[in-house]
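[1] sequence first, predicted model second:
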Amino acid sequence: MTAVPEGYSYGPWHDGPDPLAPPADLRDALDEIGRDVMGGASPRSALEELLRRGTERTAGLDELTRRLWQRRSQIQRRHRLDGTLQEVQRLLQEALDAERRALFPDPDDDARFREAQLDALPPGTAAAVRELAEYDWRSEQGRENYEQIRNLLGRELMDSRFQGMKQALQNAGPEDVERVNQMLSDLNALLSAHARGVDDIAERFSEFMRRHGEFFPENPRNVEELIDVLAARAAAAQRMLNSMTDEQRAELAELTQQAFGDPRLAQQLSTLDAQLQALRPGEDWTSAERFRGQDPLGLGEGAQAMADLAELDALAEQLGQSYPGARLEDIDLEALERQLGPDAGVDARRLSELERELRRQGLFERAPDGTLRLSPKALRRLGETALAEVVNALRGKAGERETESAGAAGEPTGASRPWRFGDMQPWDVPRTVRNAVLRSVSVGGGPVRLDVEDVEVVETEHRSRAAVALLVDTSWSMVQEGRWLPMKRTALALHQLISTRFRNDALQLITFGRYATPVELPELIGMEGTWEQGTNAHHALLLAGRHLRRHPDAQPVVLMVTDGEPTAHLEPDGEAEFAYPPEPRTIHKTLSEVDRVAKLGAAVTVFRLGDDPRLTAFVEMIARRSGGRVLAPDLDGLGAAVVSDFLHTRRR
C-alpha cells in the first residue's frame with residue numbers, strides 16, 4: 001500500500017466545506033429566483049424565498065424550522081417536571097415500609113415509640129424528609145433509601161446548575177461533597193471579585209480553573225465565558241422552577257436543604273444564582289413553559305429540557321432571518337446538529353454556500369436607487385433558459401425548422417449555384433458529388449475526382465436588419481389572470497434570441513398600462529404588478545412608430561401582447577384619458593396609430609390572451625388594417641408563438 005504523505009488526511013474536513021460535496025446548482029437556483037422576480041417579487045425577496053423553500057436535494061429554512069417546532073412540541077408533550085419529587089416520594093415510601101416491617105416483630109417499647117414517630121410524620125414529602133434527618137433507622141434498607149434521597153437531591157441540584165454532575169457524583173462520599181462546597185465557595189468569591197472590578201481577575205480565574213477545572217467541561221477561556229455558561233444553565237433551571245406549580249416549588253425548596261445532608265450546598269447555589277442574575281440580567285429568568293407528557297424529568301434533565309427549548313427558539317429566530325442584517329452564517333450549526341441531527345447541519349451549510357455563491361458570482365447588483373437587482377450576467381443566464389424552452393417547444397411542431405441553426409450571414413433559398421472565387425457560402429455536397437460523377441462518366445469513366453468546376457454552393461439571400469418593437473400589456477388584468485410571468489419570459493426569450501443571433505437588430509421593449517413606457521430588460525424583469533386601470537395601446541403604438549422611424553433602413557417588426565381592448569389614449573397635452581367601456585375617441589386614436597405604423601411597412605402581429613369577444617373583434621381589426629395577423633396562444637405557448645412569429649416575419 002502506498003504510504004500517505006505526512007500532513008495529509010482523508011478524514012473529515014476541518015477548514016471550510018467538504019471539498020468532495022456536490023457544488024451548489026446555481027443555474028436551477030437562478031431559474032427559480034428569476035421566476036419569482038418576473039412574477040413580481042424583488043430580487044432580495046426572491047432569494048429569501050428560495051432559501052426558505054430549499055432546492056430539490058436540500059431542505060429549506062422553512063422545513064428546518066418546521067422540524068425545530070416539531071421537536072419543541074415533542075419535548076413538551078412527552079415530559080413532565082416532577083421527576084425528582086416522584087423519585088423522592090418513592091424512595092421515602094419504600095424506606096418507611098421497610099422500617100415498619102423491621103419494627104413490627106419487636107415487642108419492646110422503643111419499637112412502639114418509633115412506630116409512633118413514623119405515624120406522626122407530616123404529610124408533605126419535604127417535611128417528612130426533614131423530620132427524619134435525626135431518625136435512627138432500624139432497617140438497613142430504610143437507612144440506605146434515606147441516604148439515596150439525600151444524595152439524589154444533591155446530585156440533581158448540582159446537575160441543574162452544572163451539566164453532567166449527576167453522573168460525576170454518582171458515588172459521592174463526604175470528601176466529594178466537601179470538594180463541591182469548596183468549589184462553590186471559590187466560585188462565588190471569584191464572581192464577587194469580578195463584580196467589584198478587581199485588577200487581578202484574570203489571575204484569579206486562572207487559579208480557579210487550575211483548582212476546579214474538572215467541573216467545567218466547556219473549558220471557558222476567561223471569566224466572561226464562565227459567567228455565560230453558568231448563567232445560561234442557571235436561567236434554564238429557574239425557568240424550570242417557574243414552570244412548576246406553587247406546591248412543587250415549595251416542596252423542592254425545602255427538600256434542597258437536605259441535599260447531601262449539608263445545607264451549605266443549597267445556600268451556596270442560592271448565592272450563585274443571585275450573582276448570576278445580577279451579572280447577566282439579559283438572560284431569560286422569568287418565563288415558563290407548559291409540559292403535558294407522562295415521562296418525568298429530574299431537576300438536571302428538566303433544566304436541560306428548558307435549555308433545549310431556549311436553544312430551539314434561538315435557532316428558529318436564526319432560521320427565520322427576519323432581524324436586521326441577518327445572514328445564513330449566523331446559524332449555529334453545532335446547535336442545529338444537536339437538536340435535529342447531522343443532516344440538518346448539512347442542509348444549512350448547503351443553503352449558506354448557495355447564498356454565498358449567488359452573491360460571489362455577481363448575479364446580483366445594486367441599482368442606482370440602492371435596491372438589489374439581477375445583474376446582466378444573471379439576465380443572460382435566464383435568457384438562455386427561456387430561449388431554450390422556446391426552442392424545445394418549436395421543435396415539437398411538425399415541419400418547423402430548428403431555429404438555433406439560423407446563420408448570421410443569410411437564409412438558404414433552397415437553390416444552389418456554381419462556386420465563384422470569393423464565395424463564402426457552404427457547399428451543396430449532394431449536387432457537387434453528382435456533378436463530379438456526371439463529368440467522370442462523360443469523359444469515359446474511371447475514378448471519380450472532384451474538380452473546382454463541380455462545386456456548387458448553397459444560395460442564400462441577404463438577411464436584412466430589423467427594427468423590432470415588442471409591446472407588452474402591463475395592466476392589472478395581466479397580473480390578476482396569471483399572465484405576468486409568461487409575458488416576462490417571452491420578452492426575455494426574444495431579447496436573448498436577438499442579442500445572440502441577430503445582433504444587428506434593434507429591439508425596443510415597450511410596456512403599456514395607463515401609459516406606455518420604453519424599458520430596458522432589467523426594468524421589465526424586475527417590474528412589480530400594480531393596480532392600474534387602463535390599456536393604452538395608442539401610446540404604445542406611438543412609441544413603436546418612433547422606434548421604427550429611428551431605423552429607416554431596417555425591416556419593421558411590431559409584436560403586441562395584450563389581454564384587453566384599449567381603454568385609454570394619450571391626449572395632446574400628454575395626459576392619458578381612461579374610459580370603460582372604451583370611448584369611440586380611444587378606438588379612433590388607436591387605429592390611427594395602427595395606420596401610421598402600417599405606412600412604415602410594419603404588419604402588426606397581435607398575441608391575444610383571453611377570449612373576450614370585444615377584444616377579439618378589436619385585435620382582428622388591427623390585423624386587417626396593418627396586414628398582420630392575430631395569434632391566440634395559451635400561456636405556456638406564448639413565448640414560442642412570439643419567437644416563431646418573429647422568425648417567420650424575419651424570413652419573409
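    That came through fine. Numbers count the residues shown, from 1 in each chain.

[2] where does the stretch 401-550 of the chain dip in pLDDT?
    Within the stretch 401-550 of the chain, the stretches with pLDDT under 70 are 401-414, 421-424, 460-464, 526, 529.

[3] all helices of it, in order?
    Ranges of helices within the stretch 401-550 of the chain are 429-442, 476-480, 484-501, 521-525, 537-549, based on DSSP state H, counting those that start in this stretch.

[4] let me see the contact set for the residue nearest the centre of the chain.
    Closest to where the C-alpha atoms of the chain average out (Cα atoms, centre = their mean) is L51, at 1.6 Å. L51 makes contacts with 60-61, 321, 328, 351, 354-355, as judged by Cβ atoms under 8 Å, 6 or more residues apart in numbering. For glycine as for every other residue, the C-beta is placed from the backbone atoms N, C-alpha and C.

[5] so which bits of the host helix or strand of L47 are buried?
    Assignment of secondary structure by DSSP states H and E places L47 within helix 43-53. Across helix 43-53, burial judged by 16 or more other Cβ atoms under 10 Å covers 43, 46-52.

[6] ranges for the strands of the stretch 201-350 of the chain?
    For the stretch 201-350 of the chain, the strands defined by DSSP state E, counting those that start in this stretch occupy 295-296.

[7] sorry, back to before: so can I have TSV of the helices of the stretch 401-550 of the chain showing distance to E334?
    Converted to TSV, these look like this (distance: least, Cβ to Cβ, whole Å):
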stretch	distance to E334
helix 429-442	67
helix 476-480	45
helix 484-501	41
helix 521-525	40
helix 537-549	58
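
[8] do you know which of those lies nearest G142?
    helix 484-501 (78.7 Å; Cβ to Cβ).

[9] give the other helices and strands that that closest one contacts.
    Applying 3 or more Cβ pairs under 8 Å, 6 or more residues apart in numbering; DSSP states H and E, one finds that helix 484-501 makes contact with helix 26-38, helix 376-395, strand 466-473, strand 506-512, helix 521-525, strand 555-562, helix 638-651.

[10] weakest of those by average pLDDT?
    For the helices and strands packed on helix 484-501, the weakest mean pLDDT is recorded on helix 376-395, namely a mean of 64.

[11] still on that earlier bit, any chance of the helices of the stretch 401-550 of the chain in CSV, with distance to R210 and mean neighbour count too?
    Listed next are those as CSV, based on distance: least, Cβ to Cβ, whole Å; neighbours: other Cβ atoms under 10 Å:
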stretch, distance to R210, mean neighbour count
helix 429-442, 90, 14
helix 476-480, 70, 19
helix 484-501, 67, 23
helix 521-525, 64, 19
helix 537-549, 82, 24
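
[12] name the strands paired with the helix or strand following the helix holding L47 and say parallel or antiparallel.
    As assigned by DSSP H and E, the chain's next helix or strand after helix 43-53 is strand 54-55. Strand pairing for strand 54-55, determined by DSSP bridges: strand 58-59 (antiparallel).

[13] tell me where the stretch 51-200 of the chain has helices.
    Under DSSP H, counting those that start in this stretch, the stretch 51-200 of the chain gives helices at 61-78, 83-103, 109-119, 125-131, 140-161, 165-168, 174-196.

[14] which of those sits closest to A253?
    Comparing the helices of the stretch 51-200 of the chain by Cβ to Cβ, helix 125-131 comes nearest, at 7.9 Å.

[15] quick one: contacts of that closest one?
    Under Cβ under 8 Å, 6+ apart, the answer for helix 125-131 is 85, 88-89, 92, 121-122, 146, 149, 250-255, 257-258.

[16] send the alpha carbons of stretch 561-575 over as CSV?
    Taking C-alpha atoms only, stretch 561-575 is exported to CSV below (Å, rounded to 0.1, in the frame of the first residue of the first chain):
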residue,chain,number,x,y,z
VAL,A,561,-49.1,41.1,-26.4
THR,A,562,-52.4,42.1,-24.7
ASP,A,563,-55.4,40.7,-22.9
GLY,A,564,-57.7,43.7,-23.1
GLU,A,565,-59.2,46.1,-25.6
PRO,A,566,-57.9,49.7,-25.5
THR,A,567,-59.4,51.7,-22.6
ALA,A,568,-57.0,54.7,-22.6
HIS,A,569,-55.4,57.0,-25.1
LEU,A,570,-53.0,59.9,-24.9
GLU,A,571,-54.2,63.5,-25.2
PRO,A,572,-52.1,66.2,-26.9
ASP,A,573,-51.1,67.6,-23.5
GLY,A,574,-49.5,64.2,-22.6
GLU,A,575,-52.2,63.2,-20.2
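
[17] quick one: the helix holding L47 to helix 61-78, angle?
    40 degrees (axes from the mean of the first three to the mean of the last three Cα atoms, to 10 degrees).

[18] tell me the mean pLDDT over helix 43-53?
    On average, helix 43-53 scores 77.

[19] report the beta-bridge partners for H569.
    E577.
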